[in-house]
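> Need the 3D shape of this:
(chains A and B)
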Amino acid sequence: MADFLSNYSIQKWLESCPQGYLEDTVYGHGADEREPEDLLQNEAYREQQIRTTVQLIAGERCALAASSGLVNAAPDQASKTFLATQTLDEGRHVEIFTQRLYDLGVKPIDLESTIKAYVNPHLGKFAEVLLEKIDKKDFVAGVVGQNIVLEGMAFSVFEMLHAGAETSNPKFARTLSGTIADERRHVGFGENRIGELIRRYPEKKPEVQRMQRDMTKHMLATFHEAFARNGGPTEARASPPQKGKPGPTYQGLNLAEASNEDMEEALSATVLKEFKTRLGRIGLDYQSPV
Amino acid sequence: MAQGDNPHDLGEAEFRATVHSFEFWFEAVEGYLHGRPYGVSPGLQDIELSERQRQGLITTLCNYCVGETAALDASSGMIGFAPDRGAKIFLATQVVDEGRHLEVLLHRMKQLGVADPDAEIAQRANRSLLKFKDRLLDFVDARDWEASVFAQNVILECLEFTVFRHHAGTADPATAEMLRGIVSDERRHMGFGENDLGRRLLTAPHTHDRLRKIKRELDLLVLDAFAETMGELAIERDDRPDLAGDYLAAVARLGFGA
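Numbering: from 1, shown residues only, chains lettered A, B, ... in the order given. Below is the predicted model:
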């Protein structure tokens, strides 16, 4: 365990993250990068991007509360120091996505009311399930919920958004690529650290699997509402479906011509497949909410 | 914030948004951490310590670890009930600072030949410091923001600032450089405590009486910790630095005098 955890030291984090892929960035993107003018001028598209960014902030606020709450519950020094780096990663994500709302024209004084107006209620329930475990200082359930379920979901959502933004919005794509790199590290820690703890405390399995099932249920409801309720252009795309047009792809799906249902299905299938793989690696069976 | 801009030229809201950010933190730490793995320049020559010096340093580092673990647990716990986003993000930077301090101290202990730092800490930890840690975490568990900020960002940070600064003046080169990096962080943490509580005291002056009571209780533990540590290190009374005087002066400079 000691050797694996030494790869998650603060020294390694400093060298690879702030002094590595974040070097020369401002709020996660290049100093001269801006939101595209056509986005800022198109009110419907701007609002859609505000809605998307609000969900990212809500997810990252949950991750900040969870990772900071886990520091105190960690059973060893090395896990505490890794969670310290994760706490700052999540704080940075809250900061950069909040800054994106400002870049999209939201005034700082309207921040909380904007979040309240646009946040997906299912995402709130998803967070509640996790934060209940954190409040009880349940380290095993907390790390599975945070570093496998929440981070696994965030990772796939960011990848889809990144695929959609890569050519149409390089600034947002750059911001996302830094967060994806962070999430990869967090998921890696979860898999490595928790596998050993699950083997040591097998009696924890049923409770942790119940939590995963409940979180999955709220996650799928979040996706459904995000894709179905908006009706108009989907969140990962800059314009309405355009048949026959080449466009960015995600999991083999052409995002320029895919329907909202296609995109929801692709994202849900990707996240669930990831869950099954990652949960299997730590000795847990995926529980379907259906 | 553009490089070279002085945050003190900004309005209050903008000042707080600037200094309580990942960007500000990174610009601040980059200057003294870049190229210094575990807080020490790679080319710095370690000097040979006598066995008595080595044992004394290990005991001191064990006690520093107690303080830094208290700060790590407290600052991370405080994020859950911090009053606004800026405070949460500042505390997230403090969490990583405190985690880094713990990591560099443990690394130094290993360089000094300590095979099991946890066991050494359990054996050598100062009782008053352990009591202080319990008291601080009581405030955090009770989600008492004012008491937590005061105990952590004023009292504990002033204690560490005073001790580390003195120690850096007399320590071996590697330990001294590591401590100077920690002291630079402590200044930022003390600034947060002073700023946050200062604003609160303006609107709720009765808070001052409450904080004074907490200070009286914690001062006793801090002063006991100084005395116990000096005794363990076998420093002659005449040779002891005036840590208590310096600590009380540092706290008073933040507006919390006797």
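
> remind me, longest helix of chain B?
Counting residues, the longest helix found in chain B (DSSP state H) is helix B:173-203.

> Who are the packing partners of that one?
Counting contacts by 3 or more Cβ pairs under 8 Å, 6 or more residues apart in numbering or on different chains; DSSP states H and E, helix B:173-203 is packed against helix B:22-33, helix B:85-111, helix B:145-149, helix B:157-170, helix B:207-232. Glycine gets a C-beta too; all of them are placed from N, C-alpha and C.

> repeat that with 10 Å
helix B:12-19, helix B:22-33, helix B:51-79, helix B:85-111, helix B:145-149, helix B:157-170, helix B:207-232, helix B:243-253 (3 or more Cβ pairs under 10 Å, 6 or more residues apart in numbering or on different chains; DSSP states H and E).

> Can you list the buried residues in it?
B:174-183, B:185-186, B:188-190, B:192-197, B:200-201 (16 or more other Cβ atoms under 10 Å in any protein chain shown).

> One more: stretch A:174-184?
Applying 16+ other Cβ under 10 Å to stretch A:174-184 flags A:174-183 as buried.

> circling back: taking their axis directions, the longest helix of chain B and helix B:243-253 sit at what angle?
Angle of helix B:173-203 versus helix B:243-253, following axes from the mean of the first three to the mean of the last three Cα atoms, to 10 degrees, is 40 degrees.

> Now find how far off-centre helix B:173-203 is within its chain.
Taking Cα atoms, centre = their mean, to the nearest Å, the mean C-alpha location of helix B:173-203 is offset from the chain mean by 7 Å.

> One more: stretch B:172-191?
Distance, stretch centre to chain centre, for stretch B:172-191: 9 Å (Cα atoms, centre = their mean).

> next one: stretch B:108-127
Distance of stretch B:108-127 from its chain centroid, counting by Cα atoms, centre = their mean, is 19 Å.

> residues in the stretch 101-250 of chain A within reach of chain B, list them.
A:108-109, A:111-112, A:131, A:134-135 (Cβ under 10 Å from any Cβ of the partner chain).

> ok, 8 Å please
Selection of the stretch 101-250 of chain A residues close to chain B by Cβ under 8 Å from any Cβ of the partner chain yields A:108, A:111.

> per-residue pLDDT, A:Ile194?
A:Ile194 is assigned a predicted lDDT (pLDDT) of 89.

> whoops, I mixed them up, A:Lys245
pLDDT for A:Lys245: 57.

> what packs against the strand or helix carrying A:Arg92?
A:Arg92 belongs to helix A:77-103 when assigned by DSSP states H and E. Contact here means 3+ Cβ pairs under 8 Å, 6+ apart; on that basis helix A:77-103 packs against helix A:2-6, helix A:10-16, helix A:43-71, helix A:111-118, helix A:170-200, helix B:22-33, helix B:51-79, helix B:85-111.

> Figure out which of those helices is closest to B:Glu157.
Closest approach to B:Glu157 among those is made by helix B:51-79 (7.8 Å; Cβ to Cβ).

> For that closest one, which helices and strands make contact with it?
helix A:43-71, helix A:77-103, helix B:85-111, helix B:117-124, helix B:127-141, helix B:145-149, helix B:157-170, helix B:207-232.

> And A:Gln49, how close does it get to chain B?
20 Å (Cβ to the nearest Cβ, to the nearest Å).

> so can I have JSON lines of the helices and strands packed on helix B:51-79 showing distance to A:Thr25 and mean neighbour count?
Formatted as JSON lines, the helices and strands packed on helix B:51-79 follow (distance: least, Cβ to Cβ, whole Å; neighbours: other Cβ atoms under 10 Å in any protein chain shown):
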{"stretch": "helix A:43-71", "distance to A:Thr25": "17", "mean neighbour count": "22"}
{"stretch": "helix A:77-103", "distance to A:Thr25": "9", "mean neighbour count": "25"}
{"stretch": "helix B:85-111", "distance to A:Thr25": "16", "mean neighbour count": "24"}
{"stretch": "helix B:117-124", "distance to A:Thr25": "35", "mean neighbour count": "15"}
{"stretch": "helix B:127-141", "distance to A:Thr25": "33", "mean neighbour count": "18"}
{"stretch": "helix B:145-149", "distance to A:Thr25": "31", "mean neighbour count": "21"}
{"stretch": "helix B:157-170", "distance to A:Thr25": "30", "mean neighbour count": "20"}
{"stretch": "helix B:207-232", "distance to A:Thr25": "40", "mean neighbour count": "16"}
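
> out of the ones you listed, nearest to B:Gly77?
B:Gly77 lies closest, by Cβ to Cβ, to one member of the helices and strands packed on helix B:51-79: helix B:127-141, at 4.1 Å.

> Give me the residues contacting the closest one.
With contact meaning Cβ atoms under 8 Å, 6 or more residues apart in numbering or on different chains, helix B:127-141 is reached by B:63, B:66-67, B:69-70, B:73-74, B:77-78, B:147-148, B:151-152, B:156, B:217-218, B:221-222, B:224-225, B:228.

> check contacts around the residue minimising distance to the centre of chain B.
Closest residue to the average C-alpha location of chain B: B:Glu157 at 3.8 Å, with Cα atoms, centre = their mean. Listed by Cβ under 8 Å, 6+ apart, the contact partners of B:Glu157 are B:71, B:186, B:189-190, B:193.

> Same check on B:Tyr38?
Contacts for B:Tyr38 (Cβ under 8 Å, 6+ apart) come out as A:11, B:103-104, B:107-108, B:178.

> rerun at 6 Å
Contacts for B:Tyr38 (Cβ atoms under 6 Å, 6 or more residues apart in numbering or on different chains) come out as A:11, B:104, B:107.

> Correct me if wrong: A:Ile180 contacts A:Phe158.
Yes. The criterion here is Cβ atoms under 6 Å, and A:Ile180 meets it with A:Phe158 at 5.0 Å.

> Please report the distance of B:Phe90 from chain A.
9 Å.

> Could you find the closest non-adjacent residue to A:Arg199?
Excluding its sequence neighbours, the residue lying closest to A:Arg199 (Cβ to Cβ, 6 or more residues apart in numbering or on different chains) is A:Gly283, at 6.3 Å.

> in which helix or strand would I find the residue minimising distance to the centre of chain A?
In chain A, the centroid-proximal residue (Cα atoms, centre = their mean) is A:Ala154; its distance is 2.1 Å. Secondary structure assignment for A:Ala154, by DSSP H and E: helix A:151-165.
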